[in-house]
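Undergrad: Provide a 3D model corresponding to the input given below.
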Amino acid sequence: MKSKLFAFFLTAASAAFGAPGLLVSTSLPHVNYVRDEPVVLGVVIENTSVFAYIIDDYPPYDNNKIEVYARDSRNRILLPKTDAPPVVELTLKPGEKKNLRINASDLFDFKDEGNYRITVVAVRDDEAASSHVISFTLVPGIKIKTARRATSAGGELEYQLLYWPRNGQENLFFRIVEPRTERVAGFADLGPVVRVEEPKIEFEGDAIIVTHQSERHRFMRTKLVAGEDGLRKVDAEASLSPGAKLEARANADALQRIAELQANPPKEDGGKPFVRPPKTPPGQPPAETRRK
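TA: Numbers count the residues shown, from 1 in each chain. As a prediction, this is how the structure comes out:
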């Protein structure tokens, strides 16, 4: 299967919603993306016709395809990259529905900050079924830590930690850039960050170790490896801060002491259990005085 993802913007006049017996919907998990972060679309295609929908590179299916269309914040058409990846073969039986993931960053150069609009279209026999238009905003990200290391090929890579608000909290991002060419060699979302303790970037052989404060009393240690297929996480471990460890130990000791006291109450008067004397009714002398 060598069919390409064609990427041009579809105007409202040419959109044909559900025309060829197909329903298309698309979504994004976030509304803001840091520059160079992969923008991965969730696409659902449903075949509502009584005929199979097949995408392949041989007749009569070579006219069937999935297209992605986009405009930037200035309403300019985004042209696709010349090296856009091929689409996998797709077969939908009548009534069948499939979920796809399409990395729009592989198709377009999202470099300028601002708002972008995207539509996904499924074409069948020159008729198009379009999804609704979705949008996202490309933001710069704020650098809070960098480190550099020489490569085995004699070059140099810069490792960057950035943050930006996401879902009501600040999020930490990791990016690898080749300074000479500005080529991005990897990108990762490391999750929530609390900017109290300064994050760390360390190296263990070919692996990169990032340690950051993810909550008030919690730290995350993430191990990443960069390869030809991009940046991937190989391990992530959470730990408590030193102060939280002391507090947890103190709480555990206090709970243990309470349990011991409940199991063995304190005794007085020669080893007899201490019993609180009864209350004296109002207007009467204490019991000891009445007995006398």
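
Undergrad: can I get the strand or helix carrying R221 as CSV, trimmed to CA atoms?
TA: Using DSSP states H and E, R221 falls within strand 218-227. Taking Å, rounded to 0.1, in the frame of the first residue of the first chain, the C-alpha atoms of strand 218-227 are listed here in CSV:
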residue,chain,number,x,y,z
ARG,A,218,6.2,14.0,45.1
PHE,A,219,9.0,13.8,42.5
MET,A,220,9.1,11.9,39.2
ARG,A,221,12.2,10.3,37.7
THR,A,222,11.8,9.6,34.0
LYS,A,223,14.2,7.6,31.8
LEU,A,224,14.1,8.4,28.1
VAL,A,225,16.0,7.0,25.1
ALA,A,226,16.3,8.8,21.7
GLY,A,227,16.5,6.7,18.6
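
Undergrad: can you list the buried residues in that strand?
TA: Neighbour counts over strand 218-227 (16 or more other CB atoms under 10 Å) mark 219-220, 222-224, 226 as buried. Yep, even glycine has a C-beta here, placed from its N, CA and C like the rest.

Undergrad: stretch 227-234 now?
TA: Those would be L231, for stretch 227-234 by 16+ other CB under 10 Å.

Undergrad: which residues does it contact?
TA: 174, 176, 185-188, 207, 222-225 (CB atoms under 8 Å, 6 or more residues apart in numbering).

Undergrad: can you put these in TSV and add distance to D109 and pLDDT?
TA: TSV is the format used below for the contacts of stretch 227-234 (distance: CB to CB, whole Å; pLDDT from 0 to 100):
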residue	distance to D109	pLDDT
F174	21	97
I176	18	95
A185	16	91
G186	17	93
F187	15	95
A188	20	95
A207	30	93
T222	28	95
K223	30	95
L224	24	95
V225	26	92
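
Undergrad: ok now the strand holding R221, how far from the chain's centre?
TA: In terms of CA atoms, centre = their mean, to the nearest Å, the centre of strand 218-227 is found 14 Å from the chain centre.

Undergrad: could you shift the numbering so residue one becomes 217, and keep it that way?
TA: Understood, numbering begins at 217; the last thing we discussed is strand 434-443.

Undergrad: the first helix or strand past it going along the chain pairs with which strands?
TA: Moving toward the C-terminus from strand 434-443, the next helix or strand (DSSP H and E) is strand 446-456. Next to strand 446-456 in the sheet, as set by DSSP bridges, lie strand 434-443 (antiparallel).

Undergrad: sec struct for the spatially most central residue of the chain, please.
TA: In the chain, the residue lying closest to the centroid (CA atoms, centre = their mean) is D405, at 5.7 Å. Following DSSP: H, G, I helix; E, B strand; the rest coil, we place D405 in the strand state.

Undergrad: any low-confidence regions in the chain?
TA: 217-235, 302-304, 457-470, 482-508 (pLDDT under 70).

Undergrad: how does it look with 80?
TA: Along the chain, segments meeting pLDDT under 80 span 217-235, 300-305, 444-446, 455-508.

Undergrad: can you list the domains in the chain?
TA: 238-354, 357-459 (automatic domain parsing).

Undergrad: out of the ones you listed, nearest to P481?
TA: Set against P481 and scored by CB to CB, the domains of the chain come closest in domain 357-459, at 33.9 Å.

Undergrad: coming back round to it: need the domains of the chain in a markdown table (columns: distance to P481).
TA: Formatted as a markdown table, the domains of the chain follow (distance: least, CB to CB, whole Å):
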| stretch | distance to P481 |
| --- | --- |
| domain 238-354 | 57 |
| domain 357-459 | 34 |
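
Undergrad: and the spatially closest residue to S455 that is not a sequence neighbour, what are its bridge partners?
TA: Distances taken as CB to CB, 6 or more residues apart in numbering place F435 nearest to S455, at 5.2 Å, with adjacent residues excluded. Beta-bridge pairing of F435 under DSSP bridges involves Q429, S455.

Undergrad: check the separation of the first and last residues in stretch 420-438.
TA: End-to-end distance for stretch 420-438: 12 Å, by CA to CA, to the nearest Å.

Undergrad: what sits up against it?
TA: Residues contacting stretch 420-438 (CB under 8 Å, 6+ apart): 375, 377, 388, 390, 404, 406-413, 415-419, 439-442, 449-457, 459-460, 463.
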